[in-house]
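Asker: this one's sequence-less:
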């Protein structure tokens, strides 16, 4: 299993809206590197859901339930989507500030490649996010 992170602006597509839909295709990706990450996603992979621009925090975990296929919102069939479903809301969101100051997380792809909306997450990074999300 691999781990990923997707970013969404909550005023456009929030975690709560995603949950209310019971899942959705992850569409609209128009960056080549992010597209390659979508193509690399496999059924069963876990995906951190990050609120960008406002909130600036990881708020939930989703799962890939359908691997890449052509994005129906694009004119070019090379753009792809994957289908995601919500797994769980994090008990405590993990903020970008926390990520940037944590020695294990400060070099995450989401920090180093901040313009990408879909990035890989290393196992140790995923585990550390889970630790932080469960701290009381």
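Answerer: Sure, I can see it. The structure displayed is predicted, hence computed values, not measured ones.
Asker: And for residue 121, nearest residue in space, chain neighbours not counted?
Answerer: Nearest in space to residue 121, with sequence neighbours left out and distances taken as CB to CB, 6 or more residues apart in numbering, is residue 3 at 4.0 Å. In short, each C-beta sits where N, CA and C put it, glycine included.
Asker: which helix of the chain spans the most residues?
Answerer: Secondary structure assigned by DSSP state H gives helix 123-133 as the longest helix of the chain.
Asker: Quick check: buried residues in it?
Answerer: Neighbour-count burial for helix 123-133, counted by 16 or more other CB atoms under 10 Å, picks out 125-126, 128-129, 132-133.
Asker: what's the answer for stretch 41-50, then?
Answerer: Neighbour-count burial for stretch 41-50, with 16+ other CB under 10 Å as criterion, is recorded at 41, 45-50.
Asker: and the most centrally placed residue in the chain, backbone torsions?
Answerer: Relative to the mean C-alpha position of the chain, the nearest C-alpha, by CA atoms, centre = their mean, is the one of residue 6, at 2.1 Å. Phi and psi for residue 6, reported as degrees, to the nearest 10, are phi -120, psi 150.
Asker: Quick check: bridge partners of it?
Answerer: Beta-bridge pairing of residue 6 under DSSP bridges involves residue 49, residue 118.
Asker: doesn't residue 121 make contact with it?
Answerer: No. With contact defined as CB atoms under 8 Å, residue 6 does not count as touching residue 121 (10.3 Å).
Asker: what touches both of these two?
Answerer: Common neighbours of residue 6 and residue 121, using CB atoms under 8 Å, 6 or more residues apart in numbering, are residue 48.
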